[in-house]
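*Asks:* Structure for this input, please:
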Amino acid sequence: MILEKDPWNIIITGVGGQGNVLASQILGQMLVDKGYVVTIGETYGASQRGGSVMSHLRISQKAQFSPLIPEGLADLVVGLEPTEVLRVLAPYGNPSTMVLSNTRAIYPIDVISGDAKYPAMEDVVEKMKGLSRRLWVLNATEIALGLGDPIYSNIVMLGALASLELLPIDEEGFARVVEILMPSYRLEKNLQAFRKGAQAVRELN
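*Replies:* Here you go, the predicted structure:
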């Protein structure tokens, strides 16, 4: 597959505890296995669990680039938490940016305490739509809960990403990477999550 541009820039965003960094490691290794040069940079918010987390992936067919994507140059934003997508799109988005987002909210402390209000999800989705060239949304957390644990939301999102066919990633490559990075007893559940995410996106089209 020839990349639409080089480098092709992806930001995976969410909050601490959602498996953001693991998702970026798996995706990066899948692409390296296909012969691409991948540079990954991570940025963290105020707290490891519950704070904003961004993984920058810069994918090239020929060269290594600096780990952080310059503002305005994200080609795709993958969101594990929807309002974090809006937070990322403001500085990093442009009229050509595409978005794949989970629709399950994680409420920050100020919302839980009553000091702030979380926006209505339909408003969040409308804002994403207005800030992107193409938008796909799915409730990855609900799908993961159907598998027994919301921790698989990040893997559901990777399966969804594979199904978009924007990158040369597939279930076979995912299985190879997971066999290396995770205990063998977790392989089947992760494969189920990957397949469910891929199926969810196919049903959107």
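*Asks:* all contacts plus neighbour counts: C-alpha atoms, from now on.
*Replies:* OK.
*Asks:* tell me the pLDDT at the nearest residue to Val37 once chain neighbours are set aside?
*Replies:* Distance criterion Cα to Cα, 6 or more residues apart in numbering; nearest residue to Val37, sequence neighbours excluded, is Ser60 at 5.1 Å. pLDDT for Ser60: 96.
*Asks:* residue contacts, Ser60?
*Replies:* Neighbour list for Ser60: Leu3, Asp6, Pro7, Trp8, Tyr36, Val37, Val38 [criterion: Cα atoms under 8 Å, 6 or more residues apart in numbering].
*Asks:* at 7 Å instead, please
*Replies:* By Cα atoms under 7 Å, 6 or more residues apart in numbering, Ser60 lies in contact with Asp6, Pro7, Trp8, Tyr36, Val37, Val38.
*Asks:* Please spell out the PyMOL selection for the buried subset of those residues.
*Replies:* Buried members of the contacts of Ser60, defined by 16 or more other Cα atoms under 10 Å, are picked up in PyMOL with:
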select buried, resi 7+8+36+37+38
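*Asks:* could you measure the residue nearest to Val37 against Val125, distance?
*Replies:* 30 Å (Cα to Cα, to the nearest Å).
*Asks:* Which helix or which strand is home to Thr13?
*Replies:* Secondary structure assignment for Thr13, by DSSP states H and E: strand 8-15.
*Asks:* ok so, going back, how far away is the residue nearest to Val37 from Met1?
*Replies:* Applying Cα to Cα to Ser60 and Met1 gives a distance of 12 Å.
*Asks:* likewise Ala160?
*Replies:* 18 Å.
*Asks:* the more surrounded of these two?
*Replies:* Neighbours around Ala160 and Met1, counted as other Cα atoms under 10 Å, are more numerous at Ala160. The numbers are 28 against 9.
*Asks:* can you pull the pLDDT of Gly50?
*Replies:* The model's pLDDT for Gly50 equals 60.
*Asks:* Apologies, that question was intended for Ser113.
*Replies:* 83.
*Asks:* picking that back up, closest to Tyr118 out of the contacts of Ser60?
*Replies:* Trp8 (32.0 Å; Cα to Cα).
*Asks:* I'd say that closest one and Arg58 touch.
*Replies:* Yes - using Cα atoms under 7 Å, Trp8 makes contact with Arg58 at a distance of 5.8 Å.
*Asks:* list the residues that contact both of these two?
*Replies:* Common neighbours of Trp8 and Arg58 (Cα under 7 Å, 6+ apart) do not exist.
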